[in-house]
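*Asks:* Here's a sequence, model it:
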Amino acid sequence: GRVELEASVPLHDPASSSWVNVGTPSPDEIMELTAVVRVGRRNRDALERVFWAVSEPGHEQYGKHLTVSEVASVLNVPVQRAERVRLHFAMSGAIETKVSPTRDTVSIKLPVAAAELALNTTIREFRHRDDSQSRVLRAVDRYSLPAHLANDVIYVGELLQFPRLRSPVLQNLTGHGDWSNDCDTRRCKGLVTPGVLAKRYNLPSPSEQLANLSNSMAVAEFQLQYFRKKDLTKFGQSCHRDVQVASVQGGNIQLLPGVEAELDIEYIRSVAPSVPLTVIYSGSYSLLNWATTITGDDSSPLVHSVSYGNDENQQSSKEYMLSCNLAFMKAGAMGRSILFASGDQGVCGREGCGGLGGGYFKPDFPAASPYITAVGGTNFEGKGIGPESAWNNGGGGFSNTFGIPAYQASAVQAYKDSPDANLPPQRMWNDTGRGYPDVAALGGTKTPYCVRAGILGFQGVAGTSASSPVVAGVFALVNAKRLEAGKPPMGFLNPFIYKNPSAFQDVRSGRNDAGTRYGFSAVEGWDAATGHGTPDYERIAKAAMAIG
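*Replies:* Got it, this is the predicted structure:
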């Protein structure tokens with residue numbers, strides 16, 4: 001007999017999906033899958049305890065991060081269990097099977113025909129409605145495994161999850177800022193540049209930054225998001241920042257530069273040119289592959305920015321979200337800081353709110369995971385560099401799946417109690433859910449970033465995909481100071497952020513309603529549009545140096 005997995009996930013629905021089934025792939029085409037191996041409940045809980053202890057400033061375990069082998073021994077997945085899973089796929093015709101060092105995932109490369117056999121399903125090719133270059137292979141039927149493996153595997157990713165792409169309207173924008181242009185090209189006039197960020201976020205100049213040899217940071221890029229060195233060089237020459245990449249994992253094809261990748265690289269390095277940058281490229285849209293890469297390597301970068309997500313209810317099964325959360329806990333236990341863009345569709349997410357009377361808000365995943373730092377988007381209130389306002393399309397709200405973590409309980413309660421919050425009708429959102437984002441940075445369409453990318457050359461680009469690398473760069477600079485003083489890296493950031501709200505610049509205007517009737521308003525203190533606000537490097541560094 002066989003056992004069906006992820007039975008609660010709706011199959012691909014052409015009516016609501018941005019992805020179109022374009023037919024049968026070649027049976028020989030190679031797919032990459034990740035089988036998620038079951039971790040015992042007690043072991044998962046033990047890892048979670050470590051995760052909170054090492055991340056909580058003031059806790060006696062703060063900063064005592066684990067190595068990969070220590071994480072493996074906490075999870076204690078039986079060698080035979082992972083091996084049974086690996087063997088099933090190897091015997092079904094996989095060309096490569098690899099058990100992760102923590103034994104909780106098996107990475108598999110196999111032909112489509114072998115995947116259909118191993119999982120008793122049908123694989124089809126899908127292309128994205130707005131971008132025919134983007135394609136994924138996904139299952140159109142239920143999938144199952146032999147009954148003897150039913151207790152070994154939680155699910156196989158990503159067979160049913162469809163990725164979210166950047167919305168195409170956020171490129172080639174014009175800026176209206178009245179600040180002086182610190183880049184040499186006229187095309188950056190009125191756009192956000194490295195100098196604008198330095199001024200607003202109180203950043204040290206490149207010559208004032210500490211270069212610590214053990215410091216590192218990374219951006220994650222997915223399908224077809226490559227970068228061209230020539231673009232980075234031209235940006236660097238014009239905007240007076242060294243934005244070169246120190247290393248690439250997973251390959252790079254310079255003929256196909258992507259706006260997203262070049263935005264990430266140019267701006268994380270504009271903030272932190274002293275910190276070596278790794279680009280982690282994943283050919284498939286697999287968050288699991290990416291997470292397996294960084295949590296299986298003791299020398300993986302310390303800070304990661306990721307601009308990628310799904311709506312929680314967009315084919316994201318409970319199994320998928322829990323396995324991502326386990327990966328995030330492993331990363332935090334190892335002292336890695338992971339920042340995700342909160343999304344560019346306001347409260348309604350990719351699918352829209354739908355329904356009469358406003359329908360329901362659609363939280364974003366992984367932004368709504370309690371185990372990562374979610375970064376929302378802002379605009380300047382006026383035409384100059386000054387106070388910020390919530391971007392109306394910045395992702396934010398409350399998870400439908402995860403409860404309110406302890407670190408934010410009082411901040412979330414204060415928001416709900418605030419007379420200024422003017423909350424949307426309660427039926428539209430989950431009052432018991434984790435609130436996000438945690439922090440924010442410029443990313444709105446009123447304040448696009450000047451990016452050198454692709455055939456258009458310099459152009460204005462917006463989205464929380466810009467906000468996330470900027471905040472990640474700030475924390476990479478903070479790590480440099482800590483490492484220099486012999487302190488451990490920051491690791492999972494949220495307990496620190498919520499204990500030090502005054503290290504951030506509070507945002508008190510704007511609402512992420514995406515042009516609809518309802519959304520979450522930015523108010524004094526934490527809110528579900530901009531979190532605790534935008535960074536002030538000097539204040540964050542001071543608070544971070546005051547703890548162990």
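*Asks:* can you give me the helices for the stretch 51-200 of the chain?
*Replies:* Here the stretch 51-200 of the chain has its helices, by DSSP state H, counting those that start in this stretch, at 68-75, 79-91, 112-119, 194-200.
*Asks:* May I see the buried residues of the first one?
*Replies:* This points to helix 68-75. By neighbour count on 16 or more other C-beta atoms under 10 Å, the buried set for helix 68-75 is 68, 71-72, 74-75. The C-beta positions use only the backbone N, C-alpha and C, and glycine is treated the same way.
*Asks:* next one: the shortest one
*Replies:* Along helix 194-200, these residues count as buried under the neighbour rule (16+ other C-beta under 10 Å): 194-198, 200.
*Asks:* any chance of those residues in a markdown table, with pLDDT too?
*Replies:* Output for these, formatted as a markdown table (pLDDT from 0 to 100):
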| residue | pLDDT |
| --- | --- |
| P194 | 98 |
| G195 | 98 |
| V196 | 98 |
| L197 | 98 |
| A198 | 98 |
| R200 | 98 |
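*Asks:* Tell me the one of these nearest S468?
*Replies:* For the buried residues of helix 194-200, the closest approach to S468 (C-beta to C-beta) belongs to L197, at 13.3 Å.
*Asks:* Go ahead and confirm the closest one touches P204.
*Replies:* No. Taking contacts as C-beta atoms under 8 Å, L197 lies outside contact range of P204: 11.9 Å.
*Asks:* Out of the helices of the stretch 51-200 of the chain, flag the one nearest S16.
*Replies:* helix 112-119 (24.1 Å).
*Asks:* Quick check: phi and psi at W179.
*Replies:* The phi/psi pair for W179 (degrees, to the nearest 10) reads phi -80, psi 170.
*Asks:* Now do it: how many residues are near it, please.
*Replies:* W179 is flanked by 20 other residues according to other C-beta atoms under 10 Å.
*Asks:* Look up how far S26 lies from the residue lying closest to it once chain neighbours are set aside.
*Replies:* Once flanking residues are discounted, W179 sits nearest to I385: 5.4 Å by C-beta to C-beta, 6 or more residues apart in numbering. Distance, I385 to S26, by C-beta to C-beta, to the nearest Å: 53 Å.
*Asks:* So if I had to pick from those two, which one is more boxed in?
*Replies:* More crowded of I385 and S26, by other C-beta under 10 Å: I385, with 19 against 10.
*Asks:* Distance of that one relative to I265?
*Replies:* Counting by C-beta to C-beta - I385 and I265 are separated by 24 Å.
*Asks:* what do you get for L117?
*Replies:* L117 is 40 Å from I265, by C-beta to C-beta.
*Asks:* and what of A480?
*Replies:* 19 Å.
*Asks:* how about the spatially most central residue of the chain, what does it touch?
*Replies:* When C-alpha atoms, centre = their mean is applied to the chain, the residue found nearest the centroid is F340 (2.7 Å). The contact partners of F340, taken as C-beta atoms under 8 Å, 6 or more residues apart in numbering, are 306-309, 366-367, 369, 372-375, 468.
*Asks:* With Q61 instead?
*Replies:* 50, 53-54.
*Asks:* At which residues are the strands of the stretch 51-200 of the chain located?
*Replies:* 96-99, 105-111, 123-128, 131-139, 143-146, 153-157 (DSSP state E, counting those that start in this stretch).
*Asks:* For these, which has the smallest mean pLDDT value?
*Replies:* Here those differ in mean pLDDT, and the lowest is strand 131-139 at a mean of 87.
*Asks:* Alpha carbons only: can I get it in PDB?
*Replies:* Extracted C-alpha coordinates of strand 131-139, given in PDB (Å, rounded to 0.1, in the frame of the first residue of the first chain):
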ATOM      1  CA  ASP A 131       7.200  36.100 -17.100                       C
ATOM      2  CA  SER A 132       7.400  33.200 -19.600                       C
ATOM      3  CA  GLN A 133      11.100  32.800 -18.800                       C
ATOM      4  CA  SER A 134      10.200  31.400 -15.400                       C
ATOM      5  CA  ARG A 135       9.300  27.800 -15.400                       C
ATOM      6  CA  VAL A 136       8.800  25.200 -12.700                       C
ATOM      7  CA  LEU A 137       8.000  21.500 -12.700                       C
ATOM      8  CA  ARG A 138       5.200  20.600 -10.300                       C
ATOM      9  CA  ALA A 139       2.800  17.700  -9.500                       C
END
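*Asks:* and the angle for it with strand 153-157?
*Replies:* Inter-element angle recorded for strand 131-139 and strand 153-157: 150 degrees (by axes from the mean of the first three to the mean of the last three C-alpha atoms, to 10 degrees).
*Asks:* Packing partners of strand 131-139?
*Replies:* Identification of packing neighbours for strand 131-139 by 3 or more C-beta pairs under 8 Å, 6 or more residues apart in numbering; DSSP states H and E yields strand 19-23, strand 123-128.
*Asks:* Listing partners with orientation, what would you give for it?
*Replies:* According to DSSP bridges, strand 131-139 forms sheet pairs with strand 123-128 (antiparallel).
*Asks:* Specify the angle between the partner strand and helix 112-119 in degrees.
*Replies:* Angle, strand 123-128 to helix 112-119, by the same axes, to 10 degrees: 120 degrees.
*Asks:* do you know which of the helices and strands packed on strand 131-139 lies nearest T401?
*Replies:* The minimum distance between T401 and those falls on strand 19-23, with 22.3 Å, by C-beta to C-beta.
*Asks:* what does the average pLDDT come to for the closest one?
*Replies:* On average, strand 19-23 scores 95.
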